[in-house]
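Participant: I'd like to go over a predicted model; first the sequence, then the structure.
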Amino acid sequence: MKNTLSDRLNYLTTLAEEQSITRAAARLFISQPALTAFLKRTEEELGVRLFDRSTTPIRITKAGAYYLSELEKICVMQDRLHQELSDFSSHDPELRINIGIGRNRGSI
């Protein structure tokens, strides 16, 4: 499972909305063990619990809500940066790379 910032935001937002790892995994089209492992790795990396899994339904913690809010801001900034860089390359031919392949090899 790749783990880009936007994937991380999507997984955590879905968990917060569904309040269930099983339902969130189904909605994300991944397995429940994979989502559980993702959550465990993320919490270990950050050193803080993002969700209280001792209750049913699971609940996002204060730290989790804060992290989700800040992660969303970072993703918006990242998208804007990518768009701005894309604008540079579309206006400056020296920054553009064109790659071509012949019709015969391209069909393989």
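Facilitator: Done, it's in.
Participant: list the buried ones in the helix or strand harbouring residue 42?
Facilitator: With the criterion set as DSSP states H and E, the secondary-structure element containing residue 42 is helix 32-46. Within helix 32-46, the residues scored as buried using 16 or more other C-beta atoms under 10 Å are 35, 38-39, 42-43. All C-beta spots, glycine's among them, are computed from the backbone N, C-alpha and C.
Participant: just stretch 70-89 next, same as before
Facilitator: Burial within stretch 70-89, assessed by neighbour count using 16+ other C-beta under 10 Å, is assigned to 71, 75.
Participant: any idea which helix is longest in this protein?
Facilitator: Taking DSSP state H as the criterion, the chain has its longest helix at helix 62-91.
Participant: who does that one touch, helix- and strand-wise?
Facilitator: Where contact means 3 or more C-beta pairs under 8 Å, 6 or more residues apart in numbering; DSSP states H and E, helix 62-91 is packed against helix 5-18.
Participant: Give me the helices and strands touching the helix it packs on, please.
Facilitator: Counting by 3+ C-beta pairs under 8 Å, 6+ apart, helix 5-18 packs on helix 21-28, helix 32-46, helix 62-91.
Participant: mind listing what's buried in the shortest one?
Facilitator: If I follow you right, that is helix 21-28. Residues of helix 21-28 classed as buried: 21, 24-25, 28 (neighbour count, 16+ other C-beta under 10 Å).
Participant: Repeat that for stretch 50-60.
Facilitator: Burial within stretch 50-60, assessed by neighbour count using 16+ other C-beta under 10 Å, is assigned to 50-51, 58, 60.
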